[in-house]
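Undergrad: Need a 3D model of the following:
(2 chains)
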Amino acid sequence: MGSLAKMSKKRYRGGILKLFNKKNIISLAVILAVYFIVQFFISNGSINDYIFTNVVLIGINIILALGLNLITGFTGQFSLGHAGFMSIGAYICAIVTAKLGLPFAIGIILAAISAAVIGFLIGLPTLRLKGDYLAIATLGFGEIIKNIFFNIDYVGGASGFNDIPFYTNWTWLYFSVVLTVVVVNNFIKSYAGRACIAIREDETAAEAMGVNTTNYKILAFVIGAFFAGIAGALYANYICLLKPDSFGFLKSIDILVIVVFGGMGSITGSIFGAIALTVISAFLQSFPELRMVIYSLILFFIMIYRPQGLMGTKEFSLGFLKKRGGLNAKAQDK
Amino acid sequence: MQQLLQQLVNGISLGSTYALIALGYTMVYGIINLINFAHGDIYMVGAYVGFALTTFFHMDFISSLIISMVVCAILGVIIEKVAYKPIRNSTRIAALITAISVSLFLEYGMMYFVKAETRTFPNVLPDWKFKIFGGVIINVRDIYIIVVTVLLMVLLQYVIHRTKVGKAMRAVSLDAEAAQLMGIDVNRTISYTFAIGSALAGAAGVLVGVYYNTIDPLMGIMPGLKAFVAAVIGGIGIIPGAMFGGFFLGITETMVSANGGALYKDAVAFAILIIILIVKPNGLLGKNVKEKV
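TA: Next comes the predicted model:
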């Protein structure tokens, strides 16, 4: 018994030491450098309010798209109700910060947890369904959540939830995005992540190999909902006004489009997709009447000519800058 | 009792439109396994065509209904040829997003041309009312909407079960490849399916315009989703199922509204959808299909 404890302690210490390898230290340095550079540009005014609003929308879309990509791209489960989880996060965080006057951190945590809990409750019955049926069921849940917020007077009902404090700044946004990327990236490379990918490839075969498919589907769903909750919290405390209408079926479609446009099953693809589509819709603001028509045409041509998205299931890496043909580069290519 | 009967009449009228839209959904899903999200918008186009014909050309109800059905049938075939044919062999999700893009295109394209405001449909039907069972008011519009729906359904059943086109449609939905080997032109059959389904949606559009008097470019979204719910309730791909599901949903919704749940009627419709999907995913009239490995 004693030796076992010792061994696990040793392994644990090894785990901590392993975290401090060259690659992780470089990543950490890059992450911090990007943070400080952008922070500098914001404080000296090079990034004005208009650009910053789009940066916030990009960040929120990245978080939403990565969460949905985990569900739809990696685990292969259609979900058309992602905006529902976002709305839960948004409303919970708004209640916590505006009505109860608690700090933003508590709001974000509660928002993420409540979205995850609802995700679990919804996922439990619906994830037995497959394909189109699952898509419709999640769509139904999204609409039900919207309808419920419409009818709660405590959060403003149809007229909207006003006077939410303005808390979302670059620090909160950036580190939420980094947290999402790191967690999703590590999840995909863990045992559970490989189980999820196995479910996407062939659910029956995965089950036959001893993967508890229901558990992993629900796990992916809960993690996706968790991050949608964070995105909702950031959105609520940036826009400062919530309307149930902004979390309808169309918002879920927007998120799905980012995921598909970037490439289902590609983390970097979702990031590029979020940036590209947010920038496109920001440019289209100048043609308000034709905005949605052009947007629909862009969608249509992407689906016809590049249905696998920008990245497919590949990841963008800087591997090609290194010496070619190395074992590492090949492994990363996969 | 009288109240109940009155709500039943209203429910059947509402359910008729759901049933007509659901028929198109279910036929398209049955034949190419695609959730045609643009279907609700074809219904919207039908309403606008009917509006234009009655307002600007002063046509009567029947001829504007027929012309509107023809226009929608052509629109449906164009959508199928341009948008859905190229993606017939791509993934489910690509097909789904293409359908959504077509839907957005129709909604906002229409909004660009006719502006976003709500239009008032002219009164083309005589304004008669009569009472039965001592107080249940039946409007002439109720009779029109129900009679037209029933006639169209009978006609559809005739086309599906008694004509060559119908036989081809049933064969293709059963097994497209085998049907092709038997000499059935699959592409043409799919076009016929879209034409018939879209014509029914167009008819529903005109009927709703006449019944509720107001139309707007986004009117197709909610009825489209509800009609889809109706198709799933009856069992998607099954034509009598769509009729049953439409009336079932319409009556349930009016009953819920009448009993104080007006604000929750959408939530109730989707809750029914989820319960059906979980308990009996193949719909109330569907058969169980075992999954093969």
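Undergrad: can you tell me how far residue A:155 sits from residue A:149?
TA: Applying CB to CB, to the nearest Å, one obtains 6 Å for the distance of residue A:155 from residue A:149. Placement of C-beta: from N, CA and C, glycine included.
Undergrad: Same drill for the two, tell me which one is more crowded.
TA: Under the neighbour definition other CB atoms under 10 Å in any protein chain shown, residue A:155 and residue A:149 were set side by side, and residue A:149 has more, 24 against 20.
Undergrad: ok, the nearest residue to residue A:185 once chain neighbours are set aside - contacts?
TA: The shortest distance from residue A:185 to any residue other than its chain neighbours is 5.8 Å, reached at residue A:267 (CB to CB, 6 or more residues apart in numbering or on different chains). With CB atoms under 8 Å, 6 or more residues apart in numbering or on different chains as the criterion, the residues that contact residue A:267 are A:66, A:69, A:181, A:184, A:185, A:188, A:315.
Undergrad: between the residues you listed, which is closest to residue B:100?
TA: Ranked by distance to residue B:100 (CB to CB), these are led by residue A:69 at 17.9 Å.
Undergrad: distance of that closest one from chain B?
TA: When CB to the nearest CB, to the nearest Å is the yardstick, residue A:69 and chain B sit 12 Å from each other.
Undergrad: Surely residue B:272 touches residue B:255?
TA: No: in terms of CB atoms under 8 Å, residue B:272 does not count as a neighbour of residue B:255; the distance is 11.9 Å.
Undergrad: Kindly format the C-alpha coordinates of stretch A:29-47 as PDB.
TA: This file holds the C-alpha atoms of stretch A:29-47, laid out as PDB (Å, rounded to 0.1, in the frame of the first residue of the first chain):
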ATOM      1  CA  ALA A  29       5.800  32.800 -23.400                       C
ATOM      2  CA  VAL A  30       3.900  33.300 -26.800                       C
ATOM      3  CA  ILE A  31       0.500  33.400 -25.000                       C
ATOM      4  CA  LEU A  32       1.800  36.100 -22.500                       C
ATOM      5  CA  ALA A  33       3.500  38.100 -25.200                       C
ATOM      6  CA  VAL A  34       0.300  38.200 -27.400                       C
ATOM      7  CA  TYR A  35      -1.600  39.300 -24.300                       C
ATOM      8  CA  PHE A  36       0.800  42.100 -23.400                       C
ATOM      9  CA  ILE A  37       1.200  43.300 -27.000                       C
ATOM     10  CA  VAL A  38      -2.600  43.700 -27.500                       C
ATOM     11  CA  GLN A  39      -3.000  45.200 -24.000                       C
ATOM     12  CA  PHE A  40      -0.400  47.800 -25.000                       C
ATOM     13  CA  PHE A  41      -2.200  48.600 -28.200                       C
ATOM     14  CA  ILE A  42      -5.500  48.900 -26.400                       C
ATOM     15  CA  SER A  43      -4.100  51.200 -23.700                       C
ATOM     16  CA  ASN A  44      -2.400  53.500 -26.300                       C
ATOM     17  CA  GLY A  45      -5.500  53.700 -28.400                       C
ATOM     18  CA  SER A  46      -4.300  51.900 -31.600                       C
ATOM     19  CA  ILE A  47      -7.200  49.500 -31.100                       C
END
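Undergrad: what's the offset of that stretch from the middle of its chain?
TA: For stretch A:29-47, the distance between its averaged C-alpha position and the chain's averaged C-alpha position is 23 Å (CA atoms, centre = their mean, to the nearest Å).
Undergrad: Next: stretch B:233-251.
TA: With CA atoms, centre = their mean as the basis, the distance from the averaged C-alpha position of stretch B:233-251 to the chain average is 11 Å.
Undergrad: can you tell me the average pLDDT over that stretch?
TA: Taken as a whole, stretch B:233-251 has an average pLDDT of 90.
Undergrad: got a list of contacts for it?
TA: The list of residues contacting stretch B:233-251 from outside it, by CB under 8 Å, 6+ apart, reads B:7-8, B:11-23, B:25-27, B:29-30, B:153, B:156-157, B:160, B:173, B:226-227, B:229-232, B:269, B:272-273, B:276, B:282-286.
Undergrad: of residue B:272 and residue B:255, who's got more company?
TA: The residue with the greater number of neighbours, taking residue B:272 and residue B:255 and applying other CB under 10 Å, is residue B:272; the counts read 21 against 17.
Undergrad: Enumerate every residue touching the more buried one.
TA: B:229, B:233, B:249, B:252.
Undergrad: Ok, residue B:81 next?
TA: With contact taken as CB under 8 Å, 6+ apart, residue B:81 is in contact with residue B:191.
Undergrad: Now do the SS call for it.
TA: Following DSSP: H, G, I helix; E, B strand; the rest coil, the label given to residue B:81 is helix.
Undergrad: Report the separation between it and residue A:241.
TA: When distances are taken as CB to CB, residue B:81 and residue A:241 turn out to be 44 Å apart.
Undergrad: How about the residues of the stretch 151-293 of chain B by chain A?
TA: Counting by CB under 8 Å from any CB of the partner chain, the residues of the stretch 151-293 of chain B close to chain A are B:221, B:225, B:228-229, B:232, B:263-264, B:266-267, B:270-271, B:273-274, B:277-278, B:281, B:293.
Undergrad: rerun that using 6 Å as the cut-off
TA: Residues of the stretch 151-293 of chain B lying close to chain A (CB under 6 Å from any CB of the partner chain) are B:263, B:266, B:267, B:270, B:273, B:274, B:277, B:278, B:281, B:293.
Undergrad: Where is pLDDT lowest across these?
TA: The weakest per-residue confidence within those falls on residue B:293 (54).
Undergrad: Next, count neighbours for residue B:111.
TA: The local packing count at residue B:111 equals 18, with neighbours defined by other CB under 10 Å.
Undergrad: Which residues are in contact with it?
TA: The contact partners of residue B:111, taken as CB atoms under 6 Å, 6 or more residues apart in numbering or on different chains, are residue B:217.
Undergrad: what's the average pLDDT for the one helix or strand residue B:95 maps to?
TA: When elements are assigned from DSSP states H and E, residue B:95 belongs to helix B:92-114. Looking at helix B:92-114 alone, the average pLDDT works out to 90.
Undergrad: Extract the C-alpha set from that helix and format it as PDB.
TA: These are the backbone C-alpha positions of helix B:92-114, laid out as PDB (Å, rounded to 0.1, in the frame of the first residue of the first chain):
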ATOM      1  CA  ARG B  92     -25.400  15.300 -43.900                       C
ATOM      2  CA  ILE B  93     -24.200  18.500 -42.300                       C
ATOM      3  CA  ALA B  94     -23.200  20.100 -45.600                       C
ATOM      4  CA  ALA B  95     -26.700  19.400 -46.900                       C
ATOM      5  CA  LEU B  96     -28.200  20.800 -43.800                       C
ATOM      6  CA  ILE B  97     -26.200  24.000 -44.000                       C
ATOM      7  CA  THR B  98     -27.000  24.400 -47.800                       C
ATOM      8  CA  ALA B  99     -30.700  24.100 -46.900                       C
ATOM      9  CA  ILE B 100     -30.300  26.800 -44.300                       C
ATOM     10  CA  SER B 101     -28.400  29.000 -46.700                       C
ATOM     11  CA  VAL B 102     -31.300  28.700 -49.300                       C
ATOM     12  CA  SER B 103     -33.700  29.500 -46.500                       C
ATOM     13  CA  LEU B 104     -31.800  32.700 -45.500                       C
ATOM     14  CA  PHE B 105     -31.500  33.600 -49.200                       C
ATOM     15  CA  LEU B 106     -35.300  33.400 -49.700                       C
ATOM     16  CA  GLU B 107     -36.100  35.300 -46.500                       C
ATOM     17  CA  TYR B 108     -33.700  38.200 -46.900                       C
ATOM     18  CA  GLY B 109     -34.000  38.300 -50.700                       C
ATOM     19  CA  MET B 110     -37.700  38.700 -50.300                       C
ATOM     20  CA  MET B 111     -37.200  41.300 -47.600                       C
ATOM     21  CA  TYR B 112     -34.900  43.200 -49.900                       C
ATOM     22  CA  PHE B 113     -37.700  43.400 -52.600                       C
ATOM     23  CA  VAL B 114     -40.800  43.900 -50.500                       C
END
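Undergrad: Having no further points to raise, I will conclude here.
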